[in-house]
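Asks: this one's sequence-less:
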């Protein structure tokens with residue numbers, strides 16, 4: 001089993017990246033976001049509501065209304081986005097509360113899971129929306145594209 005975020009959270013980061021890349025004072029409608037990102041309109045609407053409820057976005061109703069970031073992209077962490085869409089970050093049930101686990105009284109691993117959960121939480125809090133929209137430059141030395149035998153002229 002792999003530890004992974006849901007597709008909805010992935011889409012939420014795409015939506016937030018789109019909004020963050022535009023003028024920060026500009027309002028964005030659900031239709032505009034759906035058209036620009038290629039994410040289905042019902043999914044965009046659902047995510048915008050979750051992100052507004054989670055205080056990642058703010059919304060304004062009315063003809064000239066729409067959605068905008070609640071704070072600058074450098075102040076919105078990936079943890080904020082995950083929590084808004086999926087709820088509290090927890091690797092195991094006991095990471096949230098001992099009440100969620102029937103085995104808690106007999107288990108001596110919950111402290112360790114709590115430590116792991118804290119490290120993951122801190123890592124997700126250290127990456128911001130500004131980091132996510134920053135272009136990534138990849139440099140691959142040309143020599144590495146060829147195997148050693150090809151570089152030496154051997155076949």
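Replies: It's in. Bear in mind the structure is a predicted one, so any value in this text is a computation, not a measurement.
Asks: Select the longest helix from the protein.
Replies: Criterion DSSP state H: the longest helix present in the chain is helix 110-126.
Asks: In that helix, which residues are buried?
Replies: Residues 110, 113-114, 117, 120-121, 124 are the ones in helix 110-126 that count as buried (16 or more other CB atoms under 10 Å). Every residue, glycine included, has its C-beta placed from N, CA and C.
Asks: Remind me what that helix packs against, helices and strands.
Replies: helix 78-86, helix 93-96 (3 or more CB pairs under 8 Å, 6 or more residues apart in numbering; DSSP states H and E).
Asks: List the contacts of the longest one.
Replies: If I follow you right, that is helix 78-86. The contact list for helix 78-86, computed with CB atoms under 8 Å, 6 or more residues apart in numbering, reads 5-6, 8-9, 12-13, 16, 47, 50-51, 53-56, 89, 121, 124-125, 127-129, 132.
Asks: Show the buried residues in those residues.
Replies: Buried subset of these (neighbour count, 16+ other CB under 10 Å): 5, 9, 12-13, 16, 47, 50-51, 54, 56, 89, 121, 124, 128-129, 132.
Asks: Give me the neighbour count for residue 17.
Replies: Residue neighbour count, defined by other CB atoms under 10 Å, stands at 15 for residue 17.
Asks: Having no further points to raise, I will conclude here.
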